[in-house]
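[1] quick one: sequence plus predicted model below, questions after.
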Amino acid sequence: MTRFGNKNNRDAVRKAWMGTGAILKKMENEKGIVARFVIGKSANPGDNMDRGIDNENRQSNDFIILDDLVEGTEDLPKKARLFFTHAAERWDAEFYAKVNDNIYVTIDALGTALAAHFDKPRAYIGCMKSGQVYSEPSHKWYEPDWWKFGDKKSYFRHASGEMYVISRALAKFVSINRSILRTYAHDDVSAGSWFLGLDVLHVDEGKFCCSSWTSGAICSGV
């Protein structure tokens, strides 16, 4: 997931683990991993921001541009929903991963971790947490639907939004039901809510805790 103004982040990711050109294609062909930057459109279609992304994509060919999304912080849950929909319809993969553009991924470690879950058809893998629900409108993480959450103080368990992975069946579920899936204030909470009523295996994987170093970590934040 990326946004306008984050070209430095994208260039750092390309240099660190994603690669460009032949290196990116080699990762797809040899490791079966497709990596793309995901971004929406400007509120002013065709402006300098849109043109900048189009120009960058012509050089790198490594974007998914969501034409139905106006890029903005308040639309991150919708962005995640559209990403899984687009990816599930375009690529028939075992797993689909959402990663922020300030996260560095160890590709081989990711592949090894996911291989252990090939036999789990409905897996939701990540650094699981709950977190406090904030009911004050002035708070940075304000949740308008705060009153819906049990004791009105804590969210249900969900994967941290820095990086998480869902299996093919769950990505297809999001794609098929995208028009009726509820979103909340935050994209990670929204994704977690989509799988609450399903027979889903929640895998609490410490190696996906990108903000804290762990032995054999799959990702790290910058």
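    Nice, I can see it.
[2] all helices for the protein, in order.
    Along the chain, counting by DSSP state H, helices occupy 7-13, 21-26, 48-60, 76-90, 107-115, 168-176, 187-194.
[3] a markdown table for those, including distance to Tyr155 and mean neighbour count?
    In this view, the C-beta of every residue, glycine as well, is placed from N, C-alpha and C. Formatted as a markdown table, the helices of the chain follow (distance: least, Cβ to Cβ, whole Å; neighbours: other Cβ atoms under 10 Å):
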| stretch | distance to Tyr155 | mean neighbour count |
| --- | --- | --- |
| helix 7-13 | 27 | 16 |
| helix 21-26 | 36 | 12 |
| helix 48-60 | 32 | 14 |
| helix 76-90 | 13 | 20 |
| helix 107-115 | 25 | 15 |
| helix 168-176 | 19 | 18 |
| helix 187-194 | 5 | 23 |
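[4] Lys98: which of the ones you listed is closest?
    When those are compared for distance to Lys98 using Cβ to Cβ, the nearest one is helix 76-90, at 5.9 Å.
[5] which elements pack onto the closest one?
    Taking 3 or more Cβ pairs under 8 Å, 6 or more residues apart in numbering; DSSP states H and E as contact, the helices and strands that helix 76-90 lies on are strand 37-41, strand 63-70, strand 95-99, helix 168-176, helix 187-194.
[6] so for Trp147, which of the ones you listed sits nearest?
    Among the helices and strands packed on helix 76-90, if distance is taken as Cβ to Cβ, the winner is helix 187-194, at 14.5 Å.
[7] that closest one versus helix 168-176: what angle between them?
    Helix 187-194 and helix 168-176 are oriented at 100 degrees to each other (axes from the mean of the first three to the mean of the last three Cα atoms, to 10 degrees).
[8] between the helices and strands packed on helix 76-90, which one is nearest to Asp145?
    For these, proximity to Asp145 was assessed by Cβ to Cβ; helix 187-194 is nearest, at 9.6 Å.
[9] contacts for that closest one next, please.
    Residues outside helix 187-194 that contact it (Cβ atoms under 8 Å, 6 or more residues apart in numbering) are 76-77, 79-81, 98, 124, 131, 143, 155-161, 164, 166, 170, 173-174, 177, 181-184.
[10] in CSV: the helices and strands packed on helix 76-90, plus distance to Asn57 and mean pLDDT.
    Converted to CSV, the helices and strands packed on helix 76-90 look like this (distance: least, Cβ to Cβ, whole Å; pLDDT from 0 to 100):
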stretch, distance to Asn57, mean pLDDT
strand 37-41, 9, 97
strand 63-70, 4, 96
strand 95-99, 18, 98
helix 168-176, 23, 98
helix 187-194, 23, 95
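[11] for the chain, give me the ranges with low pLDDT.
    150-152, 213-215 (pLDDT under 70).
[12] may I have the beta-bridge partners of the residue nearest the centre of it?
    The C-alpha lying nearest the average C-alpha coordinate of the chain belongs to Lys98 (Cα atoms, centre = their mean; 2.2 Å). With DSSP bridges as the criterion, the beta-bridge partners of Lys98 are Tyr164.
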